[in-house]
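> Below are the sequence and a predicted model for it; my questions follow.
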Amino acid sequence: MKLNVMTYNIHGGRDRSGRINLDDVADVIRQSGAQVIGLQEVDSLTVRSHMIDEIRYLSKKLGMYYAYGPNIRLGIGFFGNGILSAFPIEMSKNYHLPSQGERRGLLLSRIVFYSNSLWFLTTHLGLKANERIRQAEEILKVVEGLSGPVILTGDFNETPGCGAHSCLKQLLLDASEVVSSDYYSFAMHESHGVKIDYIMHTEEVVPQYVGVIEADCSDHLPVISSVMIS
C-alpha cells in the first residue's frame with residue numbers, strides 16, 4: 001500500500017519574518033499530497049501564537065485527524081509535537097525524553113489505513129550531542145516494543161552520521177539513504193544548508209522517493225517521502 005508521509009518543523013507557525021502563517025503551512029501540506037505528517041515546534045494556546053491551538057487549527061483546515069504531544073508549558077499553553085493524518089488515529093501516546101534544559105518528547109500514534117496499520121512517531125531532539133544520544137536510546141526502547149511497520153519522523157538537530165542518527169540506525173533505516181536522496185532541510189545562511197530533518201523506518205516500509213519542498217513558511221523545509229508498506 002502506498003503512503004505519502006512528511007516531517008515538518010513549523011517553527012511555532014511562524015515564517016522567517018516572524019509572521020503567523022498557518023494557512024500557508026496548511027497549503028504546503030495540502031499541495032504536497034502528504035497523508036500522514038509529523039510536526040515539530042507546534043504551539044497550543046500560547047500568547048506568542050495569538051492563543052491558537054495550532055494542531056487543531058491545521059486539522060480543521062485540512063480535514064485531518066490529529067494527535068498532540070505537549071512537552072513544555074508556556075503560560076496556560078504548551079509547545080510540542082503533533083501528528084496529522086488523513087486516516088483514523090487509533091491511539092496516541094506522548095513520551096517525555098531525558099532532556100537538558102528544554103524538555104523534548106516523542107509522540108507515538110497508531111494509524112489505521114485501509115486494511116493496514118502503522119506506528120507513526122515524531123520527535124524533536126535536543127541541542128547537545130550527548131543529550132541526543134540518550135534521547136535516541138529511549139526512542140529505540142519504544143520502537144523495540146512495537147510490532148509491524150514503524151515510521152519515525154523528526155528534527156534531529158544533527159547531520160547524518162552523528163551520534164543519535166547512528167544510534168537510531170540500529171533498528172531503523174534512513175529513507176533518504178535507501179533511495180540515495182541528498183537534500184538540506186535547514187538553512188544555516190543563504191549559501192549553506194544542512195540536513196537535520198529525517199524520515200526513518202523499519203524494513204516493512206519501502207521508500208520510493210524522498211525530497212524537500214521549497215517553502216518559506218518556516219525556518220525548516222518540509223521533507224516528504226512516498227513509501228510502500230507491506
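Alright, I've got the coordinates.
> any idea which helix or strand of this protein has the worst average confidence?
strand 186-189 (a mean of 72; mean pLDDT, DSSP states H and E).
> What's the first helix or strand after that strand?
With elements assigned by DSSP states H and E, the helix or strand that comes after strand 186-189 is strand 192-194.
> how far is the very next helix or strand once past that next one from where the chain is centred?
Sequence-wise, the next helix or strand downstream of strand 192-194 (DSSP H and E) is strand 197-201. Computed by C-alpha atoms, centre = their mean, to the nearest Å, the chain-centroid distance of strand 197-201 equals 8 Å.
> What pairs with the helix or strand following strand 197-201, parallel or antiparallel?
Using DSSP H and E, the next helix or strand after strand 197-201 towards the C-terminus is strand 205-212. Here strand 205-212 has these sheet partners by DSSP bridges: strand 223-229 (antiparallel).
> Mean confidence (pLDDT) on the strand it pairs with, please.
Summarised as a single mean, pLDDT over strand 223-229 is 97.
> Over to stretch 152-171?
pLDDT averaged over stretch 152-171 gives 98.
> CA atoms only: put that stretch into PDB for me.
Taking Å, rounded to 0.1, in the frame of the first residue of the first chain, the C-alpha atoms of stretch 152-171 are listed here in PDB:
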ATOM      1  CA  LEU A 152       9.900   7.800  12.700                       C
ATOM      2  CA  THR A 153       9.900  11.400  11.600                       C
ATOM      3  CA  GLY A 154      11.600  14.400  13.200                       C
ATOM      4  CA  ASP A 155      14.000  17.200  13.600                       C
ATOM      5  CA  PHE A 156      17.100  15.500  15.000                       C
ATOM      6  CA  ASN A 157      19.200  18.700  15.300                       C
ATOM      7  CA  GLU A 158      22.200  16.900  13.800                       C
ATOM      8  CA  THR A 159      23.600  15.900  10.400                       C
ATOM      9  CA  PRO A 160      23.800  12.300   9.100                       C
ATOM     10  CA  GLY A 161      26.300  10.000  10.800                       C
ATOM     11  CA  CYS A 162      26.200  11.900  14.100                       C
ATOM     12  CA  GLY A 163      25.600  10.100  17.400                       C
ATOM     13  CA  ALA A 164      21.800  10.000  17.600                       C
ATOM     14  CA  HIS A 165      21.300   9.300  13.900                       C
ATOM     15  CA  SER A 166      23.800   6.400  14.000                       C
ATOM     16  CA  CYS A 167      22.100   5.100  17.200                       C
ATOM     17  CA  LEU A 168      18.700   5.000  15.600                       C
ATOM     18  CA  LYS A 169      20.100   3.100  12.700                       C
ATOM     19  CA  GLN A 170      20.500   0.100  14.900                       C
ATOM     20  CA  LEU A 171      16.800  -0.600  14.300                       C
END
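> just how off-centre is that stretch within its chain?
The gap between where stretch 152-171 is centred and where its chain is centred comes out at 13 Å by C-alpha atoms, centre = their mean.
> do you know how far Leu140 is from Glu102?
Remark: distance between Leu140 and Glu102 (C-beta to C-beta, to the nearest Å) = 21 Å. The C-beta positions use only the backbone N, C-alpha and C, and glycine is treated the same way.
> likewise Lys60?
Distance, Lys60 to Glu102, using C-beta to C-beta: 28 Å.
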